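Trainee: Just need the structure, nothing else, for what follows:
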Amino acid sequence: MSSAPTGTAAARTAAAGPDPERTAGWRAAAARYLPVAVPAVTMAVLAVWGLPRQNAMGNDEIVTLYASKLGLGQLARMVFGHTDIFHALYYLFMHFWVVLGTSPTVIRIPSAIAAVAAVALAAHTGRRLSGSGWTGLFAGLIMALTPSTSFYAQTARSYTMVTLCVLASTLALVRALEAEAAGQDRARIIRRWLAYAVLIALAGYLNELALAVLAGHAVTVLLARPARRALVDWAAAGAAGAALVLPVVIISILQRSAASWITRPHLHDLGVLFHDSFGATTLVSVFLLACAVIAVLPAGRPAWWSGGGISLPSVAAPLLLIPAGVVFGESLVGKALYADRYVIYCEAGAALLAGAGLDRIGQLLGRLLGGTAGRRALASISLVTGAVVCLGVLLLQLGPQHRARTPLTRQFDYGTPARYVGARAQPGDGVLFFNDFYRKIRLGYPRDFRNITDFSMAVSPAKSATLNGFDKPFAVVRPLMLSYRRIWVVGRAPSAQVANPAIRGEGELLISRYTLVAERKFRGMVVTLWLRH
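Mentor: Sure thing, here's the model as predicted:
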C-alpha cells in the first residue's frame, strides 16, 4: 500500500486538481444511469404516495382479490367456464403473490413495481432511439408525472404490466431490426425475434387487446424499409406470438358476458384517452401535445418517414396512434371492446414524443441564447428548460395526482360502505343486494358482513365459479324477508319502478312492510337500512 503524498508532492497533487480519468468516469456513469434512474425513482415515490387509498377497493380490485384467493381448481373453473379468461395469467400470478398478504396495499404492489419498470424502460428506449440522454430523461419523467400512470400504478389489475410488456416488445423489435440491418450472426437475430414473440405473447395473455400493438409495430417496420428477410422474420415472430394467445382469444369470444358491459365509444372517449396520454389538465396536455408535434417535425432531408431506418418518431408515433385507433375503430363497426384502460400502454408513445420534443425545444433555446457557447453550456440550457417544464407538469397536476389517490376516482367504492355497514350491523340482520353485482362487497370485506345473513343467495360465488353467485326466486325470498326484523339493502334504493321483477318485488315488500331508518350514498352505490313495522 502506498503512503499519502507529503510536502512538495502533496502541493503538486493539490495543484493538479481532480483526477481527469476519475472525473470522466463519474460523468460517464451519470450519463448512463441517471436518465433512467431519476424517472424510475420519481415513479416509485408517486406509486407509494397514498397507495393504501383509505383501504378502499373498486369493483375490479375486489375481483382481483377474490380470484387470487381461490384455489387453482376453482380459479380454473371460473376463468375457463364463466368469465375473465383474458385476466387468467394475471390472476395466476396474484394467486401466489397474495401469500404475502391480502390487504389493498399489498395487492397493488405488483402494479406499482411494473409502473416503475415501465417508466425506466421508456426512459431507456427514448435515449436509445434518439441518442440523447435528455430525451430519455424527459420522456421518463413525463410518463411518471402523468396522473393516469399513477392511477393504474395504484390499481390491482394488469394494466401497468401490459404497458411494461408492450414497451419491452417494442424495444425487442428495435433491437431485432438493428441486428438485421447490421447483418449480425443469424443465430443472434433469431434469438432477438424469439424474444419479441415471447413478449408479444406475454402481453396478449395479460390482456388480449395488447395484440393491437402489432398493428403499430407493422407501421414501424414499414417505415424502416428493411430487407425482405427482416420483413418476413418480423411477420413470423409477430404471428407466432399472436398464435400463442389464440386459445385466450377464442374462449373470450365465447364468454360474451365478459365484455357485455362495454358500450360503443364516442368522441368523449377520445378526450379521455387524450388526457390519459398527455396529462390531466388542459394546459399541460396541450403543451405536451405541442412538444410531441415538434418531435415529429422533420429535422432535415430526408424526413424520418421517408428516409428508412429506425427513429424515435417512427417507433413512438405508431405506438401512440395505431393500437388505440384499431381497437376504437373495431368497436365502432363490430363488437364493442374499447375501454381506455385496455390501450393505456399507448401513453408510452406520447411520453417518448413529448420528451423528444422537449429536448428539441431545449436545444433550440440553447442555440438562441447561447450563441457560440460550448456544448456543455448548451446542454445546461437544455437541462434547465426540461427541468422547468417537468416541474410545471408536476405542480399543475398536483390536484389530479391527489384525486387519483382517493376512492372517489374509482367507479365504485366498496370500502367505505362496507365499514359503514360493519359498524352498525347487529347479529341477526339480513342483507339484500340490488342487484347481485353488488354482492362483491362481501367478497372484498367479509369481516364487515360477518353478522349479516345473505338470505337471498341460492348459490355462492365460490360454488358457482362466478363472481356474483345466483339468487333465489322472489317466491322463496319473500317469506324469508319477513322473518328478519332489520334488512340492509346494498346497491340501489328499493323502488317499485325497476325492470327486474324479483328486485321490484323485494322493493315493494320493503316499502309496504318496513320503515326506512337509514340511508347513505356512496361512490357508485346506496346503502339503506329497513326496520319491519
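Trainee: need the contact list for Gly50.
Mentor: Gln154, His402, Arg405, Thr406 (CB atoms under 8 Å, 6 or more residues apart in numbering). For glycine as for every other residue, the C-beta is placed from the backbone atoms N, C-alpha and C.
Trainee: Now do the first one, the pLDDT please.
Mentor: Just to be clear, that refers to Gln154. The model reports Gln154 with a pLDDT of 97.
Trainee: Equivalent analysis for the last one, please.
Mentor: pLDDT recorded at Thr406 is 92.
Trainee: My read is that it contacts Arg53, right?
Mentor: Yes. Using CB atoms under 8 Å, Thr406 is in contact with Arg53, at 7.0 Å.
Trainee: more crowded one of these two?
Mentor: Legend: neighbour count by other CB atoms under 10 Å for Thr406 and Arg53, higher for Arg53 (22 against 14).
Trainee: ok, and the closest non-adjacent residue to the more buried one?
Mentor: Using CB to CB, 6 or more residues apart in numbering and skipping the chain neighbours, the partner closest in space to Arg53 is Arg405 (5.8 Å).
Trainee: number of nearby residues for that neighbour?
Mentor: Residues within reach of Arg405, counting by other CB under 10 Å, total 18.
Trainee: Tyr159 - how many residues pack around it?
Mentor: Around Tyr159 there are 25 other residues, counting by other CB under 10 Å.
Trainee: What are the boundaries of the helices in the stretch 201-350 of the chain?
Mentor: In the stretch 201-350 of the chain, the helices defined using DSSP state H, counting those that start in this stretch lie at 213-224, 228-244, 246-254, 267-278, 282-296, 312-333, 347-370.
Trainee: which residues make contact with stretch 319-337 from outside it?
Mentor: Contacts of stretch 319-337 (CB under 8 Å, 6+ apart): 166, 170, 209, 212-213, 215-216, 218-220, 259, 262-265, 269-270, 273, 277, 292, 338, 342-343, 345-350, 352-353.
Trainee: Over to stretch 162-169?
Mentor: Contacts to stretch 162-169, defined as CB under 8 Å, 6+ apart, come from residues 114-115, 117-118, 121-122, 125, 152, 196, 199-200, 202-203, 206-207, 210, 213, 217, 241, 319, 344-345, 347-348.
Trainee: Could you do stretch 285-295 as well?
Mentor: In contact with stretch 285-295 (CB under 8 Å, 6+ apart) are residues 142, 274-275, 278-279, 312-313, 316, 320, 350, 353-358, 360-361, 389, 393.
Trainee: Including secondary structure and distance to Tyr66, could the contacts of Gly50 go into JSON lines?
Mentor: Converted to JSON lines, these look like this (DSSP: H, G, I helix; E, B strand; the rest coil; distance: CB to CB, whole Å):
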{"residue": "Gln154", "secondary structure": "coil", "distance to Tyr66": "19"}
{"residue": "His402", "secondary structure": "helix", "distance to Tyr66": "29"}
{"residue": "Arg405", "secondary structure": "coil", "distance to Tyr66": "23"}
{"residue": "Thr406", "secondary structure": "coil", "distance to Tyr66": "23"}
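Trainee: now, which of those residues sits nearest Val174?
Mentor: Gln154 (30.0 Å; CB to CB).
Trainee: That closest one touches Pro110, doesn't it?
Mentor: No. Using CB under 8 Å, Gln154 is not in contact with Pro110, being 11.4 Å away.
Trainee: The two: who's more crowded?
Mentor: The neighbour comparison of Gln154 against Pro110 (other CB under 10 Å) goes to Gln154, with 27 against 19.
Trainee: who touches the more buried one in this structure?
Mentor: Neighbour list for Gln154: Ala47, Gly50, Leu51, Arg53, Arg108, Ser111, Ala112, Ala404, Arg405 [criterion: CB under 8 Å, 6+ apart].
Trainee: thinking again about what came up before, deepest-packed of the helices of the stretch 201-350 of the chain, please.
Mentor: Among those, the stretch with the highest mean neighbour count (mean count of other CB atoms under 10 Å) is helix 347-370, at a mean of 24.
Trainee: Show me what that helix is packed up against.
Mentor: Under the contact criterion of 3 or more CB pairs under 8 Å, 6 or more residues apart in numbering; DSSP states H and E, helix 347-370 touches helix 104-130, helix 133-145, helix 159-182, helix 267-278, helix 282-296, helix 312-333, helix 375-396.
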